[in-house]
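Chemist: Fold the following for me, if possible:
(one chain, ligands or ions: 2)
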Amino acid sequence: MLSVENLQLQYSNIPVIQDVSFRVQKGEIVALIGGNGSGKSTIMKGLSGILIPIAGRVIFEKEDITKSDAHKKVAMGISLIPEGRRLFPNLSVFKNLLLGAYLTKDKEEIAKRLDYIYGIFPILQDRISQKASTLSGGEQQMLAIGRGLMSKPRFLMLDEPSWGIAPKLVDKIFSVINDIRRDGVTVLLVEQDVQEALEICDRAYVIQTGRVVMEGQGSELLKSDMIQKAFLGL
Ligand SMILES: Nc1ncnc2c1ncn2[C@@H]1O[C@H](COP(=O)(O)OP(=O)(O)O)[C@@H](O)[C@H]1O
Ligand SMILES: [Mg+2]
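Modeler: Ligands and ions are numbered 1, 2, ... in the order given. So this is what the prediction gives:
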C-alpha cells in the first residue's frame, strides 16, 4: 500500500532523515521504533505532507505522492494523529471531531462517521459539548484519534498514542488500534512503549539517527538481544 524509498528529510538545511526505506502492506500494523530524536516524528511529517522530502520517493497505492500536500493526502485517505495531539483546546469535542471531516459536506456521511467514533469511544459522546482542554490526557488522545478517523482514512498514522496517558487507558488505546485495523484501516505506528508496539504490530522497523538499522516481525524483534538491551531494559 505504501512504499517509502530512500527518503530524505530536513529542517531548514539540517538533515534529519538520511536514507529511510520501508513498506506497509494493506491491512498491516507496522511500527517505527527508535530512541528520542531518532527521526520517527519527522518521517510521519514527511508522509503526511507537513514536511516535503528533499529526496527519495513515497508511493501510495501506485501513485507518487512524494511532493503532494497535506490536503491531497487526506483526500487520498491518509490521516495523521500527531504527536502531542494538536487539538483545538477552546473548541468543543464535537467541533474538534467535525474539523476532522473538513473535506466532506455530506451531512449523512458525517453523522455515520460520528456514530462510528461514538461506538469506539462512548466517552466522547458523553463529553460532546465540553471544551477539549477540559478532557483528561486519555480522553484527549481518544478525541485526537476520533478526529483523525473523521476523514475516513484507509491509512492511519499514529505518533506516540500512549504519550501522557494513564496505564489503564493505554490498554484501551491499543485495543482500539486493533479494532481500527480489523475495520480495514492500515496502520503505521510510532510508539515510545516499545513492548506494546512490538506486541501489537505485524512488522517493525528500528530507526536510529535517521536510518533504518533493523527490521522484522514484531514477535521476532521482541526476542532480539539488541532490542531487549536498547529498548526493553532487559
Ligand atoms: N521543527 C524542527 N526544527 C529543527 N529540528 C527539528 C525539528 N523537529 C525535530 N527536529 C530535530 O530532528 C531530529 C528528529 O526529531 P524527531 O523526528 O522529532 O524524533 P523522534 O520523533 O524520533 O523523537 C531531532 O534531532 C530533533 O531535534
Ligand atoms: Mg516523536
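
Chemist: What residues does the protein have near ligand 2?
Modeler: Within the chain, the positions adjacent to ligand 2 are 41, 83 by CB under 5 Å from the ion. C-betas here are computed from N, CA, C, even on glycine.

Chemist: So which bits of the chain are right by ligand 1?
Modeler: Counting by CB under 6 Å from any ligand atom, the chain comes close to ligand 1 at 11, 14, 16, 34, 36-42.

Chemist: any chance of the residues you listed in a markdown table, with neighbour count, secondary structure and pLDDT too?
Modeler: As requested, the residues of the chain next to ligand 1 are exported to a markdown table (neighbours: other CB atoms under 10 Å; DSSP: H, G, I helix; E, B strand; the rest coil; pLDDT from 0 to 100):
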| residue | neighbour count | secondary structure | pLDDT |
| --- | --- | --- | --- |
| Tyr11 | 10 | strand | 96 |
| Ile14 | 6 | strand | 94 |
| Val16 | 19 | strand | 95 |
| Gly34 | 25 | coil | 93 |
| Asn36 | 6 | coil | 90 |
| Gly37 | 11 | coil | 92 |
| Ser38 | 20 | coil | 93 |
| Gly39 | 23 | coil | 95 |
| Lys40 | 25 | helix | 96 |
| Ser41 | 20 | helix | 96 |
| Thr42 | 21 | helix | 97 |
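
Chemist: which residues touch the helix with the most length in the chain?
Modeler: Longest helix in the chain by number of residues, with DSSP state H as the criterion: helix 167-182. With CB atoms under 8 Å, 6 or more residues apart in numbering as the contact definition, helix 167-182 has outside contacts at 27, 29, 120-121, 137-138, 141-142, 145, 149, 156, 158, 161-162, 165, 187, 189, 193, 196, 200.

Chemist: So for it, what gets flagged as buried?
Modeler: Buried residues in helix 167-182, counting neighbours by 16 or more other CB atoms under 10 Å, are found at 169-170, 172-174, 176-177, 180-181.
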